[in-house]
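**Q** Okay, sequence plus prediction incoming.
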Amino acid sequence: MKTVAIVQARVGSTRLPGKILRDLGGRTVLSHVLDRVRAAAGVDETVVATTTAPGDAAVAAEAGRCGVRVFRGDEADVLSRYALAAAGAGADVVVRVTSDCPLLDPALLAAMLGAFHASHAARRPLDYLSNTVVRTFPRGLDAEIFTRAALDRAAREATAPHEREHVTPFLYQHPDRFAIDQYARVPDLSAHRWTLDTPEDWELIRRVVEDLGTGEGRFSTDAVLDVLRRHPDWVALNAGIEQKPLGR
């Protein structure tokens, strides 16, 4: 089965416009994300799914510079954008990652893919696996894995605006239709916030990357935790940020 990681990317952001093209340690944020996704064992191809909006030509150009396939589709109907990108890449299994997670851990993504494929080998095949619905990982290490068949069904049947905008709610909100599971971590680290959505998030991530050095930028979750243990005051930088609910 061909596994394709589709990175959702656009320059528009209400709280930090242009965030994915910011320079983070000498490379764009998008470049960090793509490098980390491609480093994950089990990912056969990585695709950037951006929009047809003129402003996202810069996203397409940066993705092309990084050497990945680019698909441009509807700005609001992200579900259709994903389905068409997956079809174009010939995906059997799709990994959904967003471009605002520059600290994504390749080892975590590889472990999740291993668990997903193990369910199929054991003849208890999952349609959907994620670490986002029940959170035990820091926000910013988010990954969702699902079959192309489940994605195509969602694209055909989902009608609610939030289902079209956020790609996967039709899957994880219908356990009666899909075999779903959550990938959990002990101890629970969900109090940490490592995603990039606000100036406060940027300050935390910038300091972590500066501390660890750029290199290939593939430092682990444990390495980030070690930095934050040495600098406990940094955790407070974005601790008060509230995540936007679906549909906003």
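**A** Thanks, I have the structure now. Residues are numbered from 1 along each chain as shown.

**Q** Could you pull out the helices in this protein for me?
**A** Using DSSP state H, the helices of the chain run over residues 29-38, 57-65, 78-89, 106-121, 148-157, 161-166, 169-172, 199-212, 221-230, 232-235.

**Q** which one of these is the most hemmed in?
**A** helix 29-38 (a mean of 23; mean count of other C-beta atoms under 10 Å). The way it works is simple: take the backbone N, C-alpha and C, and place the C-beta from them, glycine included.

**Q** Now do that helix, average pLDDT.
**A** The pLDDT scores in helix 29-38 average 96.

**Q** Stretch 45-55 now?
**A** For stretch 45-55, the per-residue pLDDT values average out at 97.

**Q** Return the distance of that stretch from the chain's centre.
**A** Stretch 45-55 has its C-alpha centroid displaced from the chain centroid by 14 Å (C-alpha atoms, centre = their mean, to the nearest Å).

**Q** In that stretch, which residues are buried?
**A** Thr46, Val47, Val48, Ala49, Thr50, Thr51 (16 or more other C-beta atoms under 10 Å).

**Q** what about dumping the CA coordinates of it to CSV?
**A** In CSV, the C-alpha atoms belonging to stretch 45-55 read as follows (Å, rounded to 0.1, in the frame of the first residue of the first chain):
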residue,chain,number,x,y,z
GLU,A,45,5.7,10.3,-0.8
THR,A,46,5.0,13.8,0.6
VAL,A,47,2.6,16.2,-1.1
VAL,A,48,1.8,19.8,-0.2
ALA,A,49,-1.9,20.6,-0.7
THR,A,50,-2.4,24.4,-0.9
THR,A,51,-5.0,26.6,-2.4
THR,A,52,-5.6,28.2,-5.8
ALA,A,53,-5.6,31.7,-4.1
PRO,A,54,-2.9,33.9,-5.7
GLY,A,55,-1.2,34.4,-2.3
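
**Q** And for that stretch, what's in contact with it?
**A** 2-12, 30, 34, 37-38, 56, 59-60, 63, 68-75, 78, 81-82, 85, 88-89, 91, 99 (C-beta atoms under 8 Å, 6 or more residues apart in numbering).

**Q** rerun at 7 Å
**A** Residues outside stretch 45-55 that contact it (C-beta atoms under 7 Å, 6 or more residues apart in numbering): 4-12, 34, 37-38, 56, 59-60, 63, 68-73, 75, 81-82, 85, 89.
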